[in-house]
Every structure is written in C-alpha cells, then in structure tokens.
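In: Provided below are the primary sequence and the corresponding predicted coordinates.
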Amino acid sequence: MQKGFIEPGEKPRRFYKDVAVVAEDGGFAVKLDGRNVRSPKGGKLSVPTRALAELVAAEWKAQGEHIEVAAMHVTRLAFTATEAVPQARDATAAQVAQYAASDLLCYFSERGDSLYERQVAAWEPVLRRAEHELALVFKRATGIIHTEQPEDTLAKVKGLAQALDDFALTGVAFGTALFGSAVLAFALQRGWVNGEEAWTLSRIDEAYQEEKWGVDEEAAERTARLLAEAQMLEAWFKALA
C-alpha cells in the first residue's frame, strides 16, 4: 500500500506513528511520518487554513489499530473540496439551488396543530433572516404538495453558492443534503446557528413523532451519527473563517 493512501471500502491497519501539519505550497498539508496524506486518486491533501488541517490531523491521530475511513468526515470532505468540486462548481451550486426549490423550512404542517406552531416558532426566524440579509424570499407551503419557489430566489441561491470558495461551497452542499435545506446550510455557514441547532431545526417533524411514538435503537443511532456530522460541519466552517 502506498503510504498515506486509502482504498475505498478497505479498513487498513494504521501504518504511521507521527501526524503533523506543515505549511506547504501556499496551503497546509497533513503529514503521516513525513509523507502527505493522499486520496484514493493519489492526490495530495492540501487545505487553505491551518485550523482545517488540524481538524484533518486530529482524525488521523485518533485512529486506532485500523483506519476507519467512514468516520473520517473532515478528511473525506476535504478531498471532495480539492478533487471534485473545483471541476463541478456550477453543478454543485445548481444542486444547492435544487434543494432550495423544495426547501424543508418552507413546508409546514396544517395550521392550528401543535406541530405547525412548533415549526413556525423555529423556522420563521431563519427564513426572515434569509430574506433580510440574503434577499431570499421563499413561499411557505402547507402539507407536502410541492410549491414553486420564485425563480429569482433560486437564482440568488445558486449565485450565493457560486460566490463561495471551493471549501465553503463543499460545506454548503454537504449541509444542504444533510439538512434537506439550503437555508439551514447557509445559516450554519454564516454563523446564524451552530451545528446542533441546525440539525435540531431540520428534524422538528421527526422529534415530534418521536415524542408520540418513542425512539427505536436504530433511529437513535442514526440521529447521533447525523448530529455528529452537523457538528463536524460547524467546525469545518469555523476552521475556514
């Protein structure tokens, strides 16, 4: 195995002792026993800030006897930002806008029930801030029937995404899919909410159902895993600041 290289699906033994962050080629590299971390494609990992490199390094330091690739969220996201997004910026921004076209925060329960009141209290402040600070005007819907959003709003969402650098765009795209909401992804990226708050806002419906019917073990594990990803994304954006 090439040092610092991970094949998809493998769970290789840890092959290194020392992990270090080094300023290199205008960015920051993570070194394993002096060798660069490399992607499955063989590319060297380079990130724009020392803080982000330290997050990557922390994942490599935390590995035990075997390397748990699936748990290395920052490393995987960093390779997406360096190898995939630069060649697909327009498509990535368009994907964010596509989520905005049916943004989770715009779909409310029936008026008058307790879930509706909870959604309004949680989502409206974020939607209003998006309108005031980003000029994103969304139509609210009741129920699950699709409601067309203004073309101008979707164009602005795409423009906001395109204006980000590769690493911030990668984070917003990841967050949009994680939360089912471009609004929440931008809110986290801009520091309006933290990772746990964004995740909580994205699962108000699920939490409401859990209060009624309880939580099974599998659902609890999934919730904990996705919450950890939301918290990781908060750290990602802070490290880019």
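Out: Perfect, thanks for sending it.
In: what residue ranges in this structure are flagged as low confidence?
Out: Across the chain, the stretches falling below the confidence threshold (pLDDT under 70) are 1-10.
In: Pick out the residue closest to the middle of it.
Out: Gly175 (3.0 Å; CA atoms, centre = their mean).
In: ok, now which ones touch that one?
Out: Taking CB atoms under 8 Å, 6 or more residues apart in numbering as the definition of contact, the neighbours of Gly175 are 184-185, 188-189, 198, 230, 233. (Each C-beta comes from the backbone N, C-alpha and C, glycine too.)
In: For the closest residue to it other than its chain neighbours, grab the count of nearby residues.
Out: Once flanking residues are discounted, Gly175 sits nearest to Ala185: 3.4 Å by CB to CB, 6 or more residues apart in numbering. The burial metric for Ala185, expressed as a neighbour count using other CB atoms under 10 Å, is 29.
In: What strand or helix carries Ala185?
Out: Element membership of Ala185, judged by DSSP states H and E, is helix 182-189.
In: quick one: buried residues of the helix or strand that that helix is followed by?
Out: Scanning forward in sequence from helix 182-189, with DSSP H and E defining helices and strands, the next element found is helix 195-202. Taking 16 or more other CB atoms under 10 Å as the neighbour-count basis, helix 195-202 is seen to contain the buried residues 195, 197-199, 201-202.
In: Over to stretch 157-176?
Out: Of the residues in stretch 157-176, those with enough neighbours to count as buried (16+ other CB under 10 Å) are 157-158, 160-161, 164, 166-176.
In: coming back round to it: secondary structure element for the residue nearest to the centre of the chain?
Out: Gly175 belongs to helix 166-179 when elements are defined using DSSP H and E.
In: Can you give the distance from that helix to the centre of its chain?
Out: Averaging C-alpha positions (CA atoms, centre = their mean, to the nearest Å) puts helix 166-179 4 Å from its chain's average.
In: The host helix or strand of Glu117 to helix 182-189, inter-axis angle?
Out: When secondary structure is defined using DSSP H and E, the element that contains Glu117 is helix 114-134. An angle of 60 degrees separates the directions of helix 114-134 and helix 182-189 when computed by axes from the mean of the first three to the mean of the last three CA atoms, to 10 degrees.
In: Which strands or helices does helix 114-134 pack on?
Out: Using 3 or more CB pairs under 8 Å, 6 or more residues apart in numbering; DSSP states H and E, the elements in contact with helix 114-134 are strand 107-108, helix 182-189, helix 195-202, helix 204-213.
In: Now with 6 Å, please.
Out: On a contact count with 3 or more CB pairs under 6 Å, 6 or more residues apart in numbering; DSSP states H and E, helix 114-134 meets helix 204-213.
In: same for the helix or strand following the helix it packs on, what does it pack against?
Out: As assigned by DSSP H and E, the chain's next helix or strand after helix 204-213 is helix 217-240. Taking 3+ CB pairs under 6 Å, 6+ apart as the contact definition, the neighbouring helices and strands of helix 217-240 are helix 50-61, helix 166-179, helix 195-202.
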